[in-house]
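**Q** need a structure here:
(chains A and B)
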Amino acid sequence: MVSRNEKHTDVVIVGFGWVGAIMARELTQAGLNVVALERGPRRDTWPEGAYPSSIDELTHNTRHALFLQPSQSTVTVRHRDSEVAAPYRQLAAFLPGTGVGGAGLHWSGCHWRISPVELRLRSHYEERYGKDFIPQDMTIQDWGVSYEELEPHFAFAESVFGTSGQAYKVNGKIVGNGNPFDADRSTPFPLPAMKNTYSAELYSKAAAECGYHPFRIPSANASQAYTNPYGCQMGACTFCGFCSGYACYNYSKASPNVNILPALERESRFELRAECDVLKVETDSSGKKATGVIYRTSKGEEIRQTADIVILASFAYNNPYLLLLSRIGQPYDPKTGEGTVGRNFVYQNESGVTLFFGQDKFTNPFIGAGGNGVAIDDFNADNFDHGPLGFVGGAPIWVNQAGSKPISSATVPKGTPQWGAHWKKAVKDNFQHTISIHAHGTNMAFRDCYLSLDPTYSDTAGRPLLRITFNWHDNDVKMIRYVTDRMADIGRAMKPESMSVETKEFGEEFDLRHYQTTHIAGGAIMGTSPKDSVVNRYLQHWDVSNLFVIGSSAFPQGIGYNPTGIVAALAYWSAKAIRERYLKSPGPMVQA
Amino acid sequence: MSVRSRKDGPLVCGRRAMLQGTALGLVAAALLYFPSEGVSEAADSEYAYRPVFFPDNDWHTLNSFVDRLIPADAEGPGALEAHVPEFIDRQMNTPYGHGSEWYLRPPMMKTSAALGYQFLFTPRDIYQQGLPALHSAIMQRYGKPFHQLDAGERDRIIGEMEKGSITLSPIPSKLLFGQILKNCKEGYFADPIHGGNYEMGAWKMIGFPGARADFTDWVDRYGARYPLPPVSVGGHGVQGGV
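**A** Next comes the predicted model:
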């Protein structure tokens, strides 16, 4: 029951992670009054990131201090339509964020663009490999936006994040030993690439020996002190090894809290309300106009916030979740293929190789930074011939030494018992002498992988939980097995004493028991037609033109890289369209 | 949730102090290098922890159980020397112990193991209902409690629990085993502020530097052993570590 209405505002933003912060900044700059509603608590470098309490693995990584606990809200999961879904009761496979800064406060910092062909994936594959190459039930499609259109926004986002890296090509000129598969850039990286760890150095040499093209991962961990265009300051990264799951104690890792919020806090048109959980988006009687949102405070009070523009900026699947709860748009039906909300839910498809070196070779895996490392793109995107291979997609392969902590990363060779004297000796013998290599692969969209509301389970607010129907398909298993073989070749070239390979088997089911990645996407995808997408190329809802749905929820299918870079670029791209076009003439910016 | 609240007093050392410590440490290490594992910690014979959560019987079982999961030997401390039982006892009185992180609403669903934990038990439930059931099963089989069995017998039982081949109710033996093993490793490797990893013994054994948090000078010392012993978030280690 709504107890009161807040004063009307121009823009209400749901969720205050990277997208919420970027949109708030861009739209207050356009002269609009902006209210941002964040479900979780206020958070900042102090106190959440303060040294030394932030350098505590048990509290942060093991007990998930900064994450959304399932007891507050969770999802249900099943492998196929014929099954009853079960709740994701304990955090494991993926770790949704909450609180001011969202997962942007405690991410790693790999800050990528995207391969241009991935933005027009279906068209590209059909052109190069023929229409029959893409399996019938693979529902991949084009994004509706090109790399050239996004390029200025990638460049600006890098300047805001203080991204460290080495460019390959700037304005058509080769400028250094960056990634030769990269598309052209308008600017170099704002900061030079970070130092390589020993592991990255060894990997780089071995990958080059194998004939591949190693380059340093673009990292939103600052290699030097930096001041961004908003006047926000960063300190040089100290390689402490506590990025993912932790707030950076040193102002070195880009976050909405460090890189945007200080500028917004000086802005009188901006108001941030924490611990405000948005329950639904309201529309007028026509269903074509959003009138605002209803949210619940931590005291249980329900409040209505009306606004001229509503922006959904929450974590991946929470954007489509809110659309389903608000009954905006037609829910996707996998049997008929009709409806769009919840369609094309995707994950990230990963594998890894762990190398064990002898006692006298110290790899010091506890040294690290979340965005640091060396990658190759020889098997990512369409940088290799898929014709004879018979699968769609690929993976960058990298050494990304983010810092091993003993509870989560006491890695032992395969076949070692899980306890007892042998386990203990194996941990002791290997902790300082291992290197991990990962393939961070694409997951294609399939007709039977989607989001819907669960009929059985609800959360503390009485909302039905979001239900994920998802499983691996042969295409993705084929891809990751192929890439893993290439990765193992590089691993062997690094001459370890022994090596463990983790890959996927055909028929293997999605397993939620072990951490994989939080790179979840799709469900409210962007595209060129309202028949198969929720939002148009400007991230504007096809039917409700004053509603914008921004985030990895817009990805039509999985990408090879980590999602944050393109999410930030899409936010700036959408904000520009709102500022330059929508505000002058509110209404659909693309005719259906 | 954090064990040490900000109001707890003057434990925070500050980054400046830590950085100075590191710089001094590197100089000291360069001048008189000594390997950290050569320094053995004197065993604290005075140590006696009174459990708050576990009743006596369960406490004996728990102690003799973790003693086999991470046994004491020449490689480094065992779970008992690392005060793992104290860690687990303290954890049971945190929100985690009460299951407040987990989604525990019914109904319970019989489903593929790949979908993860599907019981409605909190960690306290698992210990409170699991350890007495284990005790009864062992009394029936051996006529004496778990903690009076020799190491080989205990290892055999733990191995059977790992496979789930001992029938316990209502907590399946595999679930009880998994919970103890997980908490045991946490207590062994977590920062000593949480009650385990006594004197950072486990960190010294494997060469983890704890909360040093600044490796600017070591990131490109390729292949070289990091020379400084670990430090704890708890302040004492930060001051005394170098």
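
**Q** stretch A:99-119: which residues count as buried?
**A** A:99-119 (16 or more other CB atoms under 10 Å in any protein chain shown). Placement of C-beta: from N, CA and C, glycine included.

**Q** give me the three-state assignment for residue 179.
**A** Since no chain was named, I'll use chain A. coil (DSSP: H, G, I helix; E, B strand; the rest coil).

**Q** A:H213 is in contact with that one, correct?
**A** Yes. Using CB atoms under 8 Å, A:N179 is in contact with A:H213, at 7.1 Å.

**Q** nearest the geometric middle of chain B, what residue?
**A** The residue lying closest to the centre of chain B (CA atoms, centre = their mean) is B:G187, at 1.2 Å.

**Q** ok, now which ones touch it?
**A** By CB atoms under 8 Å, 6 or more residues apart in numbering or on different chains, the contact list for B:G187 reads B:66, B:79, B:82-88, B:91, B:194-197.

**Q** buried ones in the helix or strand containing it?
**A** In this structure, B:G187 sits in helix B:173-189 according to DSSP states H and E. For helix B:173-189, burial by neighbour count (16+ other CB under 10 Å) applies to B:173-181, B:183-189.

**Q** once you drop chain neighbours, what's closest to residue 155?
**A** As the question left the chain open, I've gone with chain A. A:T187 (4.7 Å; CB to CB, 6 or more residues apart in numbering or on different chains).

**Q** not quite, go with chain B.
**A** B:R68 (5.5 Å).

**Q** report the rounded mean pLDDT for the helix holding B:G187.
**A** Averaged over helix B:173-189, pLDDT sits at 98.

**Q** and the next helix or strand past it?
**A** With DSSP H and E, the next secondary element past helix B:173-189 is helix B:201-206.

**Q** list the helices and strands that next one packs on?
**A** On a contact count with 3 or more CB pairs under 8 Å, 6 or more residues apart in numbering or on different chains; DSSP states H and E, helix B:201-206 meets helix A:406-409, helix A:420-430, helix B:173-189.

**Q** now do 7 Å
**A** Applying 3 or more CB pairs under 7 Å, 6 or more residues apart in numbering or on different chains; DSSP states H and E, one finds that helix B:201-206 contacts helix A:406-409, helix A:420-430.

**Q** in CSV, list those along with mean neighbour count, mean pLDDT and distance to A:S585.
**A** Formatted as CSV, the helices and strands packed on helix B:201-206 follow (neighbours: other CB atoms under 10 Å in any protein chain shown; pLDDT from 0 to 100; distance: least, CB to CB, whole Å):
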stretch, mean neighbour count, mean pLDDT, distance to A:S585
helix A:406-409, 19, 96, 52
helix A:420-430, 19, 98, 63
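
**Q** any chance of CSV for these, columns distance to chain B?
**A** Formatted as CSV, these follow (distance: least, CB to the nearest CB, whole Å):
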stretch, distance to chain B
helix A:406-409, 4
helix A:420-430, 5
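
**Q** export those to a markdown table and tack on distance to A:C243?
**A** Formatted as a markdown table, these follow (distance: least, CB to CB, whole Å):
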| stretch | distance to A:C243 |
| --- | --- |
| helix A:406-409 | 13 |
| helix A:420-430 | 22 |
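
**Q** go ahead and confirm A:P413 touches A:M499.
**A** No. Contact criterion CB atoms under 7 Å: A:P413 and A:M499 do not qualify, at 8.6 Å.

**Q** those two: which is more packed in?
**A** Taking other CB atoms under 10 Å in any protein chain shown, A:P413 and A:M499 do not tie; A:M499 has more neighbours (18 against 15).

**Q** which secondary structure elements does the strand or helix carrying the more buried one sit against?
**A** Taking DSSP H and E as the definition, one finds A:M499 inside strand A:498-502. Where contact means 3+ CB pairs under 7 Å, 6+ apart, strand A:498-502 is packed against strand A:349-356, helix A:474-493.

**Q** contacts for the next helix or strand after the shortest one?
**A** Beyond strand A:349-356 on the C-terminal side, the first helix or strand identified by DSSP H and E is strand A:374-376. Among residues not part of strand A:374-376, those counted as contacts by CB atoms under 7 Å, 6 or more residues apart in numbering or on different chains are A:196, A:200, A:203-204, A:207, A:212-217, A:396-399.

**Q** apply 8 Å and report the result again.
**A** With CB under 8 Å, 6+ apart, strand A:374-376 has contacts from A:179, A:196, A:200-201, A:203-204, A:207, A:212-217, A:396-400, A:490.

**Q** from the residues you listed, which are also near chain B?
**A** A:196, A:201 (CB under 8 Å from any CB of the partner chain).

**Q** narrow the contacts of strand A:374-376 to those in helices?
**A** Applying DSSP state H to those, the entries found in helices are A:200-201, A:203-204, A:207, A:490.

**Q** just those residues now: which is nearest chain B?
**A** Closest to chain B out of those is A:E201 (6.2 Å), distances taken as CB to the nearest CB.

**Q** OK, contacts around the closest one?
**A** Shown in contact with A:E201 (CB under 8 Å, 6+ apart): A:374, B:222.

**Q** if we go to 10 Å?
**A** By CB atoms under 10 Å, 6 or more residues apart in numbering or on different chains, the contact set of A:E201 is A:195, A:214, A:374, A:399, B:220, B:222-223.

**Q** kindly report the same for A:F133.
**A** Taking CB under 10 Å, 6+ apart as the criterion, A:F133 is in contact with A:125-126, A:386-387, A:390-392.

**Q** go on, A:V14?
**A** Counting by CB under 10 Å, 6+ apart, A:V14 makes contact with A:20, A:36-39, A:276-278, A:281, A:293, A:295, A:305, A:310-314, A:318-319, A:322, A:549.

**Q** try it again with 8 Å
**A** Shown in contact with A:V14 (CB under 8 Å, 6+ apart): A:20, A:37, A:278, A:281, A:293, A:310-314, A:322.

**Q** where does chain B dip in pLDDT?
**A** Filtered on pLDDT under 70, chain B yields the residue ranges B:1-45, B:235-242.

**Q** quick one on the thing from earlier: flag every buried residue along the strand holding A:M499.
**A** Here strand A:498-502 shows A:499-500 as buried, counting by 16+ other CB under 10 Å.

**Q** let me see the mean pLDDT of that strand.
**A** 97.

**Q** tell me the first helix or strand C-terminal of it.
**A** strand A:547-549.
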